[in-house]
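1. can you look at this prediction? I've put the sequence above it.
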Amino acid sequence: MADDVRRWSDELARDPASLVFLPLGETLRRQGQLDLALKIAMRGLERHSHNTDAHDLLARIAVDRGELQRAFDEWDMVLRLTPGHLGALKGMAFVRFQQGNAAEAEEYLRQAAEQGGDAEVVAALTNLRSRGTRDAGRGTRDDRSDNHARPAAHVPRPADVPHPAANDPRALFADILGQEEQTALLLDDQGLVLAGIYMGEDGQDVAAEVGAELSGVTDAARRATKHLDIGEWRAIVLETEVAVVTMAPSAGDGLLVVAASKATPLGLVRRVLDRCLDRARQWLEGSQ
Amino acid sequence: MSASPFATILSTLTRQRGVRASLVVDESDGIVIESNLQIGQDGDRVAALAASLYRKARLSAGAARLGTATFMQLEAERGRICAAGHNDLVLVVVADPAANIGMIRVEMIKAAGALP
Amino acid sequence: MTITAVETWVEAPLRKFVEEARTVLGLLLHPSGQVVAQFGFARAVDVMSACALAAAIHASSGELGKQLEGKAFRGLHHPGRDRQLYLAEAATSRGAFIFLTVFDQESSFGLVRMYFDTFCKDLAAAAPPMSHQPEVVLEDRFEHELNRNLAALFGRG
């Protein structure tokens, strides 16, 4: 296989218009080299923009990259070039199903079955019909960062938070936070949770996800303070519609995050942050 | 020649004690749209870095399901950066550590709401 | 991110730019189109094409600037749907270089432009003094020089 890849690469380098980009792109895709496969496919398409197999390849790469809508668009092009293309119909059914649009998924599978679809198509269609889902036309919205489309934001209330044992790191800040609508997390330099807890609306501890998202901000903060020459950063306060989030660097290049409801006075949130920082420092020193 | 639509907003902010620079910036590009700077302030640099930071904070808060960002403040040893966004524009203020942030914050949130 | 360079003195300034600006692809080349350094590219043929295009775009946009303002434009920015491109000249004591970089949502035009200004200063500071007059690359040697540079960049030298 490595020999084939090398041979195809050499041929493509010699002749950029060669159709070997198709087997080369597909092999790279199967090997998981998606970025390279994408480059190969795109360059091939520049020269063979009406090649059905090229669009089909690009669609499959897009699915592997998680770009469902792009995959759908490419298979749509395949159908325009080759009406009734079985692979495209199956692919479009898959995308619509993934997007929660069972009605359209069923329609594409039905068309695939009419085109002489295999046992796999028939089984998928039967399965879909037996689920009885009738999602009429519920498409997906463009998944840009539109916070209004997300579930309502949530800062844990004390009643939501379980009570771990006193020596459990999740309980490190419990007495400081008290009964207020607030929570605290201590993260290490990789954005991984060291202590604290953050309950989601569904009662699951989502500290890891929340911590990972917020820890990315400190990189930007460091960069800004360095290049603007205003010294080391001390804290970030971010206000949203429903919450106040404060972050501060902690010992060992870590990060402390305190989130409180919007109703909490800002000054109070800062005091909680300072107290949690002290607690974190003592705890980290004690654990070394 | 008529003043830009942002001149009044920026002038009000820069008049606050301790404010070194105020800018209206394109959030995605980090490019200055309008600025009011004291001598020695590099508007292009402030715009690029502040917009990038605000955008990162905004997206992170959204992804962490903490809602839509309305105001951000970065405190550092020798200065503060404040940002308030609306649509694709960000109002940015650079201030001294001792500046009255409470007043600046109120003015910025009010002004951000008036951005197109 | 792996950086490969034909002239080693460009590596440090380029690495600093890549780390700070967080761009996806980059090329440093002579105005003739000869590649000097690259990052993010997988194949020599892509580098070759990009160099040729960058040199041509730089030359023609430079002429446009001269027609309009009497001097070449500082830089060129193309915003795409998912990616953007920035092309500009960096001057050193060893002559001018063209720099092309591609970036996505992880960076911004403002940041790239800001870090590029720093890159120009770092590159100028790192350039070793010329010990002799630069060779004029004649057309019949161009292909040979190009292939040699590409081989060096992609480890086949």
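-> Alright, I've got the coordinates.
2. what's the first-to-last distance across stretch C:69-89?
-> Between the start and the finish of stretch C:69-89 there is a gap of 17 Å, counting by CA to CA, to the nearest Å.
3. in it, what counts as buried?
-> By neighbour count on 16 or more other CB atoms under 10 Å in any protein chain shown, the buried set for stretch C:69-89 is C:A72, C:F73, C:G75, C:L76, C:Q84, C:L85, C:Y86, C:L87, C:A88, C:E89. Quick note: C-beta positions are derived from backbone N, CA and C, even for glycine.
4. among the residues you listed, which are in strands?
-> C:G75, C:L76, C:Q84, C:L85, C:Y86, C:L87, C:A88, C:E89 (DSSP state E).
5. quick check: pLDDT value at A:N147.
-> If you check A:N147, the pLDDT there is 39.
6. picking up where we left off before, and the ones in strands among the buried residues of stretch C:69-89 as a markdown table, adding pLDDT and distance to chain A?
-> Converted to a markdown table, those look like this (pLDDT from 0 to 100; distance: CB to the nearest CB, whole Å):
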| residue | pLDDT | distance to chain A |
| --- | --- | --- |
| C:G75 | 88 | 19 |
| C:L76 | 92 | 21 |
| C:Q84 | 94 | 17 |
| C:L85 | 95 | 15 |
| C:Y86 | 96 | 18 |
| C:L87 | 96 | 20 |
| C:A88 | 96 | 19 |
| C:E89 | 95 | 23 |
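7. farthest pair within those?
-> C:Q84 and C:E89 (18.2 Å; CB to CB).
8. got the CA coordinates for stretch C:25-41 in PDB?
-> Taking C-alpha atoms only, stretch C:25-41 is exported to PDB below (Å, rounded to 0.1, in the frame of the first residue of the first chain):
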ATOM      1  CA  LEU C  25       0.700  27.600   5.800                       C
ATOM      2  CA  GLY C  26       3.600  29.800   5.100                       C
ATOM      3  CA  LEU C  27       6.200  30.400   2.400                       C
ATOM      4  CA  LEU C  28       9.200  32.700   2.200                       C
ATOM      5  CA  LEU C  29      10.600  33.200  -1.200                       C
ATOM      6  CA  HIS C  30      12.800  35.300  -3.400                       C
ATOM      7  CA  PRO C  31      11.000  37.700  -5.700                       C
ATOM      8  CA  SER C  32      12.100  35.400  -8.600                       C
ATOM      9  CA  GLY C  33       9.900  32.700  -7.200                       C
ATOM     10  CA  GLN C  34      12.700  30.600  -5.600                       C
ATOM     11  CA  VAL C  35      11.500  29.100  -2.300                       C
ATOM     12  CA  VAL C  36      13.600  29.900   0.800                       C
ATOM     13  CA  ALA C  37      11.500  28.300   3.600                       C
ATOM     14  CA  GLN C  38       8.100  26.800   4.100                       C
ATOM     15  CA  PHE C  39       5.800  25.400   6.700                       C
ATOM     16  CA  GLY C  40       2.500  23.500   6.400                       C
ATOM     17  CA  PHE C  41       2.900  22.200   2.900                       C
END
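9. distance from the chain centre to that stretch, please.
-> 4 Å (CA atoms, centre = their mean, to the nearest Å).
10. list the buried residues of that stretch.
-> Applying 16+ other CB under 10 Å to stretch C:25-41 flags C:25-30, C:33-41 as buried.
11. wait, which of those residues is closest to A:R70?
-> Scanning those for proximity to A:R70, where the rule is CB to CB, the winner is C:L25, at 20.1 Å.
12. ok, now which ones touch the closest one?
-> C:L25 makes contact with C:Q38, C:F39, C:G40, C:F41, C:A50, C:L100, C:T101, C:V102 under the criterion CB atoms under 8 Å, 6 or more residues apart in numbering or on different chains.
13. and what of B:F6?
-> Each residue near B:F6 by CB under 8 Å, 6+ apart is listed here: B:V24, B:I33, B:E34, B:L115.
14. element containing C:Q67?
-> In the assignment (DSSP states H and E), C:Q67 maps to helix C:44-69.
15. buried residues, that helix. List them.
-> For helix C:44-69, a neighbour-count test (16+ other CB under 10 Å) marks C:A44, C:V45, C:D46, C:V47, C:M48, C:A50, C:C51, C:A54, C:A55, C:I57, C:H58, C:G62 as buried.
16. just stretch A:273-286 next, same as before
-> So stretch A:273-286, judged by 16+ other CB under 10 Å, has buried residues A:L273, A:D274, A:R275, A:C276, A:L277, A:R279, A:A280, A:W283, A:L284.
17. from A:V95, how far out is the residue nearest the centre of chain A?
-> What sits nearest the mean C-alpha location of chain A, by CA atoms, centre = their mean, is A:G66, with 9.2 Å. According to CB to CB, to the nearest Å, A:G66 stands 11 Å off from A:V95.
18. same check on A:V217?
-> From A:V217 to A:V95 the distance is 33 Å (CB to CB).
19. so for the one helix or strand B:A21 maps to, mean pLDDT?
-> Under the criterion of DSSP H and E, B:A21 resides in strand B:19-26. Strand B:19-26 shows a mean pLDDT of 95.
20. how far is it from where the chain is centred?
-> Strand B:19-26 has its C-alpha centroid displaced from the chain centroid by 5 Å (CA atoms, centre = their mean).
21. neighbouring strands for the following helix or strand past it, and are they parallel or not?
-> Next helix or strand after strand B:19-26 toward the C-terminus (DSSP H and E): strand B:31-37. Its sheet considered, strand B:31-37 pairs with strand B:19-26 (antiparallel) by DSSP bridges.
22. give me the contact list for the partner strand.
-> In contact with strand B:19-26 (CB under 8 Å, 6+ apart) are residues B:6, B:9-10, B:13-14, B:31-38, B:41, B:43, B:46-47, B:50-51, B:79, B:88-96, B:99, B:104, B:115, C:110.
23. go on, stretch A:61-69?
-> Outside stretch A:61-69, the residues that reach it (CB under 8 Å, 6+ apart) are A:25, A:29, A:32, A:34, A:37-38, A:41, A:70-71, A:74, A:91, A:94-95, A:98-99, A:140, A:142.
24. if we use 7 Å, what do you get?
-> Contact partners of stretch A:61-69, identified using CB atoms under 7 Å, 6 or more residues apart in numbering or on different chains, comprise A:R29, A:L34, A:A37, A:L38, A:A41, A:R70, A:A71, A:E74, A:V95, A:Q98, A:Q99.
25. now it: buried residues?
-> Buried-residue list, stretch A:61-69, by 16+ other CB under 10 Å: A:I61, A:A62, A:V63, A:E67, A:L68.
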